[in-house]
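Q: Structure for this input, please:
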Amino acid sequence: MRYPAAVPTPKPTRFDRLDALRGVAIVWMAAFHFSFDLNHFGFTHQSFNTDPFWLRQRVCIVSLFLFCAGLGQALALYQGQGWPRFWRRWAQVAGCAVLVSIGSWTMFPVTYISFGVLHGIALMLILTRLAALLRAWLWPLGLLAVLLPQFVQHPFFDSRLSNWVGLVTHRPAAEDYVPLLPWLGVMCWGQAGGQWLLAHRPGWLAGALPAALRPLALLGRWSLTFYMLHQPIFIGAMMLVLALR
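A: Down below sits the predicted model:
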């Protein structure tokens, strides 16, 4: 008796749970930026550079974004994403990073963003893709990246041309700063976590999403577009309110 050949199970094209998690990061980031803009235009009076409340929120938001980016990298490789498609997506991120630098320079010519979160993601995407074959070794590699700036700093890395590495002796005066170190470690952990989940708990990523969370998933799918549009909208609205006073 002959049995029909097994039909391979198709790999999911979307992972709604990851999209929803990315959506959480987007909403949290938008709330943070809205609060920052209120302070910048004088509606509130907060210290975003020294108040632990705001500093910790920033660390958590950036960490969540980069962890999601690492997870997304693992899923893209699982789905067989080739280098041409990777470079197309990378070009979108890198192009938006350039626009962020230009836009921030028009508002903050002294503290403009030369290496913020999109700049960091663009570089880290390349490095984590190349390091994907390390698999479980990504965990200690990530730990090394996180800890290294705590023990190694040098004035050479304090200039705008070199502070992207992260081994600075003091934080640069910039509206956003997400250097390679320590943040590469978070993306490595995200990729390692994604690889482990796909191997041992795939249902945690590909399972159904409650209806109440689907708007977050939709937002997460358009995270880059939302990122680029939300600040011009916030800033424009606040400038309009000030003009109408």
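Q: what mean pLDDT does the longest helix anywhere in the chain have?
A: Criterion DSSP state H: the longest helix present in the chain is helix 52-78. Helix 52-78 carries an average pLDDT of 96.
Q: Any chance you could list what contacts the helix or strand that that helix is followed by?
A: Counting by DSSP states H and E, the next helix or strand C-terminal to helix 52-78 is helix 83-107. Helix 83-107 has contacts (C-beta atoms under 8 Å, 6 or more residues apart in numbering) with 76, 112-114, 116, 118-119, 121-122, 125-126, 129, 175-176, 224, 227-228, 231-232, 235. In this view, the C-beta of every residue, glycine as well, is placed from N, C-alpha and C.
Q: Which ones among the residues you listed lie within helices?
A: Those of these lying in helices (DSSP H): 76, 118-119, 121-122, 125-126, 129, 224, 227-228, 231-232, 235.
Q: Please name the nearest non-neighbouring residue to residue 184.
A: residue 145 (4.5 Å; C-beta to C-beta, 6 or more residues apart in numbering).
Q: can I assume that neighbour is in contact with residue 182?
A: Yes - between residue 145 and residue 182 there is a contact under C-beta atoms under 8 Å: 5.7 Å.
Q: of the two, who's got more company?
A: Comparing residue 145 with residue 182 by other C-beta atoms under 10 Å, the one with more neighbours is residue 145, at 22 against 19.
Q: how far away is residue 90 from residue 33?
A: 24 Å (C-beta to C-beta, to the nearest Å).
Q: Next, count neighbours for residue 27.
A: With other C-beta under 10 Å as criterion, residue 27 counts 15.
Q: Alright, calling it a day.
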